[in-house]
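1. mind folding the following:
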Amino acid sequence: MNKTLALATALAATLAFAGAASAATCKTKFLTGVWVGTANADGDDYCVVQFNTRGWIIQANCFDPASLKPTGTFDGRFTATPACKVAGNYDVIPVRGPKVLARFTGTLDPETGLMKGRVQSGSQPAVQYTFRQQW
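-> Numbers count the residues shown, from 1 in each chain. Below is the predicted model:
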């Protein structure tokens, strides 16, 4: 019975270690490429964003999905921690109106190419926001 218990304990420890070892380790360079993002609400604008390897936004264009008319752009930087937490501070620059500072906080799943979190912009309430990596 003791051998069975010892074997079960060793197997459980091995599986726990394997699970921890397979957990994603993220880097900011995982953001490199083109992403499409939108708030998790009907009718919200879509934004196409390109990041460089250091997380800086190279270009970003937002548009109304119904009319395909541009609504603005943004400029700033996102970073990822090894635990796949993502944060970004950026300026939202609408076609009309003043520039507004915004902050994204969320998580990155490098296996599925999804970045999900919340955007806080000015005094507006935070909204859920999702990015999907395109290439």
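2. not counting its neighbours along the chain, what's nearest Val119?
-> Of all residues not flanking Val119 in the chain, Tyr129 sits nearest, at 4.6 Å (Cβ to Cβ, 6 or more residues apart in numbering). Backbone N, C-alpha and C define where each C-beta goes, glycine included.
3. can you pull the pLDDT of the one residue sitting closest to the centre of the chain?
-> Geometric centre of the chain, nearest residue: Met115, 2.7 Å, by Cα atoms, centre = their mean. Per-residue confidence (pLDDT) for Met115: 97.
4. cool, and Pro125?
-> 90.
5. any idea how far it lies from Ala24?
-> Distance, Pro125 to Ala24, by Cβ to Cβ, to the nearest Å: 30 Å.
6. same deal with Arg118?
-> 20 Å.
7. what of Val36?
-> 21 Å.
8. then Ser121?
-> Computed as Cβ to Cβ, the Ser121 to Ala24 distance reads 28 Å.
9. and these two? Which one has more around it.
-> Ser121 (16 against 13; other Cβ atoms under 10 Å).
10. what comes into contact with the one helix or strand Gly117 maps to?
-> Applying DSSP states H and E as the criterion places Gly117 in strand 114-121. Strand 114-121 is contacted from outside by 31, 35, 37, 39, 86, 92, 100-109, 126-133, using Cβ atoms under 8 Å, 6 or more residues apart in numbering.
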